[in-house]
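# would you be able to build a 3D model of this:
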Amino acid sequence: MYTNIGKKIKVLAQVFTWVGIIGSVIMGIFLITLSSPREVEVRQGGGYFTPSTTRTETVFEPSMIVVGLVVSIGGSLSSWVSSFVLYGFGELIETNAEIVRNTAKGLSGDTLTVKTENHETTKPTDDRWKCQACCCLNIADKTECWKCETKKAEDSEEWSCRDCKQLNDKEAYRCKECGTFKVDI
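Predicted coordinates for the structure are as follows:
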């Protein structure tokens, strides 16, 4: 029931969107039909001693056409836009689950799965480097950290600042550009 919950939330967002759109259109059509001409009985006169007379009038309410269109269009748009939040939450859970799976694989010494737009590759986890700025693990062939975009520090005499990306001497404990303290790894 709770497996693959991110995908289920995304499907639920799509269902809510379509139910909201269909409901708004049906309600709009109903309100528009209320504006069609209809006959209404009108009583006139009639007091204590005089009989009342009844006559039939045709009534037309054009304002209901506008209300029906607003409900139909506005309800559909609000249903669609509000689904973004629920769909985004499902996407967030799905991505988080993937990160947890990859982290667990990386900690066990197996492989790290890296997804790009077109394909998915698996890299050995032994082939990683740790970012000096944010301490995230990165694949060896990448030259920048995936999280903070800090350049990979070669075994050189410099370190990259996590805030401004300025290269500083290895012995410096603060960035010469912005004054941020070096993160010890």
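# the helix-or-strand element of the chain with minimal mean pLDDT: what's the following helix or strand?
Across the helices and strands of the chain, mean pLDDT, DSSP states H and E gives its lowest value to strand 120-124, namely a mean of 53. Per DSSP states H and E, the first helix or strand lying C-terminal to strand 120-124 is strand 128-130.
# host element of the most centrally placed residue in the chain?
Using Cα atoms, centre = their mean, the residue of the chain that lies closest to the mean C-alpha position is residue 88, 2.6 Å off. Element membership of residue 88, judged by DSSP H and E, is helix 63-108.
# give me the distance between that helix and the centre of its chain.
Between the centre of helix 63-108 and the centre of its chain there are 5 Å (Cα atoms, centre = their mean, to the nearest Å).
# for it, give the mean pLDDT please.
The average pLDDT within helix 63-108 is 85.
# what helices and strands are in contact with that helix?
helix 5-33, strand 111-115 (3 or more Cβ pairs under 8 Å, 6 or more residues apart in numbering; DSSP states H and E). All C-beta spots, glycine's among them, are computed from the backbone N, C-alpha and C.
# which stretches of the chain aren't confidently modelled?
Scanning the chain with the threshold set as pLDDT under 70 gives 1, 45-51, 104-127, 153-157, 183-185.
# what residues go with each domain of it?
5-39+60-114, 127-185 (automatic domain parsing).
# TSV please, covering those domains and showing distance to residue 53.
TSV is the format used below for the domains of the chain (distance: least, Cβ to Cβ, whole Å):
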stretch	distance to residue 53
domain 5-39+60-114	16
domain 127-185	83
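# what residues does the residue nearest to residue 28 when sequence neighbours are not counted make contact with?
Leaving out its chain neighbours, the residue that sits closest to residue 28 by Cβ to Cβ, 6 or more residues apart in numbering is residue 72, at 2.6 Å. Applying Cβ atoms under 8 Å, 6 or more residues apart in numbering, we find residue 72 in contact with 24, 25, 27, 28, 29.
# alright, I will stop here.
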